[in-house]
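S.K.: for reference, the sequence and a predicted model appear below.
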Amino acid sequence: MAAPASPESYKEVILFLATAGVVVPLFLRLRISPVLGFLGAGVLLGPLGLGRFVGEAPWLSWITIGNRQEIAHLAEFGVVFLLFMIGIELSWERLWTLRRLVFGLGSLQVVACAAVLGAIAFALGAEPAPAAFVGVALALSSTAIVVPVLAAQKRLASPTGRATFSVLLFQDLAVAPVLFTIGVIGTRQSGGLGMAFILALAQAAAAIVVIVTVGRLVLRPLFGLVAATKSTELFMALSLLVVLATGLVAAASGLSMALGAFIAGLLLAETEYRRAIEAMIDPFKGLLLGVFFVSVGMALDVTQLARNPGTILFGVVGLIGVKAVVIAALGLAFRLARPVALESALLLGPGGEFAFVILAGAVMAGLVPEPIGQFGLIVATVSMIAIPGLARIGRSLRRRLESRRDEARAESLPAPEKGRVIVAGFGRVGQMVGEMLARHNVSYLAIDQNPALVRAERRGGKPVFFGDSANPEFLRRCGIESARALVVTLDNPAGIGAVVAAARAERPDLTIVARARDARHATALYALGVDDAVPENFEASLQLSEAVLVDIGVPMGLVIASVHERRDEFRKTLRPTRTASGEESAPQFRGRRKRR
């Protein structure tokens with residue numbers, strides 16, 4: 001018989017879920033990144049916050065986490081899922097489009113900022129190795145805060161958004177080798193660092209070859225097999241299995257779990273299941289990253305800020321100032337417009353979440369003294385809190401500096417891609433829509449839940465992805481925010497309605513054209529907010545009428561004009577009409593109801 005559940009056994013989980021349930025809605029309402037809320041909750045509920053007063057007030061033990069190690073494993077999974085999502089969001093097409101900024105500006109930013117910050121740490125008395133790790137850790141910026149800030153402003157596709165994203169992309173790529181280096185140096189044996197590094201590198205290379213080889217052979221067929229069951233639960237289970245299994249294989253080979261998950265993400269990035277996996281994993285990434293930031297907050301000793309506020313604030317201002325100057329200079333060297341370079345510098349100036357990972361790993365490996373690591377963590381945390389304010393300052397500064405002359409200046413950024421048309425359903429009707437869009441040079445992205453069809457169409461070079469087009473998160477992953485239109489060609493009336501409702505909730509201004517079974521179904525779709533509903537039986541009748549009229553000798557021009565006129569008349573009978581009070585009334589059908 002199972003032992004009775006103890007409330008204390010679930011205290012940490014309940015506290016975290018309560019924090020997530022309160023922090024996320026509150027901070028989203030205040031338009032502040034929830035990351036800062038999780039950090040603050042960790043500081044407040046941790047052993048260095050309210051936990052230090054448990055001796056005087058024992059009841060505080062019920063609302064505090066006394067041991068950071070109790071949630072350490074979940075926190076580690078947060079970083080694992082973050083690296084997996086970074087890997088799966090990468091694509092060779094995206095890297096190639098932004099290659100000059102990613103590998104040019106991004107690499108120089110990391111190297112230059114790490115060198116300058118490391119030199120400053122060395123000048124302040126740190127040993128060479130700790131100074132180098134501190135410099136690298138603080139050179140990185142916050143993807144978890146900067147990207148949502150730009151997304152909330154709908155400016156990810158702007159020059160500033162693309163420049164900032166390119167630098168963050170390279171920073172994310174640079175994390176894996178840094179973690180590998182820490183792992184190798186931290187576990188070196190008495191045989192010497194050089195030999196230990198060579199052996200670890202060979203072991204890591206072998207593990208990566210195994211992961212990549214097995215992944216290429218197994219992942220696509222395995223996801224196809226599970227997708228064919230049309231079971232959301234099995235698809236979710238397989239996605240989680242891939243993340244954890246590759247991470248554990250990498251860890252067993254001496255690499256970090258995060259690096260293994262990153263490689264798995266890269267392998268899945270070019271498959272037709274990429275966007276469905278993103279939509280499935282994203283909630284887990286958000287929650288587990290919350291655990292990670294809570295654990296980081298628990299490790300921060302805010303009494304240091306109270307004891308040495310001047311020193312810490314000087315470090316924060318120095319960090320942001322040094323990085324901003326370096327990044328702005330590099331941006332101008334890469335021919336970014338001056339307002340873009342300055343705004344990007346302010347966004348990238350603060351520290352980032354990977355500073356916690358690198359510094360914590362370096363401290364545990366004995367490569368960085370704990371006081372230096374703790375100081376770096378506090379500086380990075382306080383600087384991250386300033387990101388929303390710096391974003392507002394940067395945007396205001398950009399507006400003041402922008403001029404027609406600046407806008408006309410040649411930039412190194414590629415022109416933003418025009419929004420694509422999303423085709424939900426790629427059966428015979430959807431394929432014809434895609435063919436006509438391609439004939440008129442309109443780019444599109446198609447979605448279907450038939451894995452065999454998706455696989456066959458992708459072999460033919462069609463941009464088709466597996467997934468549920470009624471899932472709002474999946475639609476976001478498909479770029480509905482910038483889409484030009486949505487065409488719904490599913491043959492399931494309930495499914496069509498679900499897609500239309502989800503899309504309209506995401507984009508009230510989106511052009512939506514939907515396939516309808518008959519007039520009544522079209523009327524229901526108009527009520528859901530489609531711009532055009534196309535009833536199959538009515539369009540078939542018009543096509544037959546057009547064919548017979550032309551065949552018996554009626555001039556084609558007159559026939560086409562009358563067909564368009566009749567179609568417009570019919571649509572008016574389907575659309576809801578507004579009464580004098582502004583309320584919508586259902587359309588009135590004059591014909592008899594169809595007998596079943």
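M.R.: The structure has been received and is ready for your questions. Residues are numbered from 1 along each chain as shown.
S.K.: mind giving me the domain ranges of the chain?
M.R.: When the chain is parsed into structural domains using automatic domain parsing, the resulting residue ranges are 10-402, 421-585.
S.K.: now these as TSV including mean pLDDT and mean neighbour count?
M.R.: In short, each C-beta sits where N, CA and C put it, glycine included. Compiled in TSV, the domains of the chain are given as follows (pLDDT from 0 to 100; neighbours: other Cβ atoms under 10 Å):
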stretch	mean pLDDT	mean neighbour count
domain 10-402	81	19
domain 421-585	87	17
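S.K.: show me what the strand or helix carrying Val210 is packed against.
M.R.: Take DSSP states H and E as the rule and Val210 turns out to sit in helix 193-227. Helix 193-227 is packed against helix 159-186, helix 232-252, helix 257-269, helix 451-459, with contacts defined by 3 or more Cβ pairs under 8 Å, 6 or more residues apart in numbering; DSSP states H and E.
S.K.: that helix to helix 451-459, inter-axis angle?
M.R.: 120 degrees (axes from the mean of the first three to the mean of the last three Cα atoms, to 10 degrees).
S.K.: right, and Arg216 touches Leu266 too?
M.R.: No - applying Cβ atoms under 8 Å as the test, Arg216 and Leu266 come out as separate, 10.8 Å apart.
S.K.: about what we covered before: so which of the helices and strands packed on helix 193-227 gets nearest Leu98?
M.R.: With Cβ to Cβ as the measure, helix 159-186 is the member of the helices and strands packed on helix 193-227 nearest Leu98 (4.7 Å).
S.K.: chain center to that closest one, what's the gap?
M.R.: The chain centroid and the centroid of helix 159-186 are separated by 16 Å, computed with Cα atoms, centre = their mean, to the nearest Å.
S.K.: ok, now stretch 204-220?
M.R.: Its chain's average C-alpha position is 25 Å from that of stretch 204-220, according to Cα atoms, centre = their mean.
S.K.: and what of stretch 128-145?
M.R.: On Cα atoms, centre = their mean, the centre of stretch 128-145 falls 22 Å from the chain's centre.
S.K.: cool, and stretch 386-406?
M.R.: On the basis of Cα atoms, centre = their mean, the separation between the geometric centre of stretch 386-406 and that of its chain is 24 Å.
S.K.: nearest residue to Gln374 in space, please, no chain neighbours.
M.R.: Distances taken as Cβ to Cβ, 6 or more residues apart in numbering put Asp301 closest to Gln374, at 6.3 Å, once the chain neighbours are dropped.
S.K.: isn't that neighbour right up against Leu48?
M.R.: Yes - under the criterion of Cβ under 8 Å, Asp301 makes contact with Leu48 at 4.9 Å.
S.K.: all helices of the stretch 401-550 of the chain, in order?
M.R.: 404-408, 428-439, 451-459, 472-477, 493-506, 519-528, 536-551 (DSSP state H, counting those that start in this stretch).
S.K.: would CSV of the ones you listed with distance to Ala341 be doable?
M.R.: As requested, the helices of the stretch 401-550 of the chain are arranged in CSV below (distance: least, Cβ to Cβ, whole Å):
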stretch, distance to Ala341
helix 404-408, 10
helix 428-439, 37
helix 451-459, 39
helix 472-477, 29
helix 493-506, 33
helix 519-528, 45
helix 536-551, 53
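S.K.: out of those helices, nearest to Phe81?
M.R.: For those, the distance to Phe81 is smallest for helix 472-477, at 14.8 Å, taking Cβ to Cβ.
S.K.: which strands or helices does the closest one pack on?
M.R.: helix 274-299, helix 493-506.
S.K.: continuing past the longest one, what's the next helix or strand?
M.R.: By that I understand helix 274-299. Next along the chain after helix 274-299, taking DSSP H and E as the criterion, comes helix 303-307.
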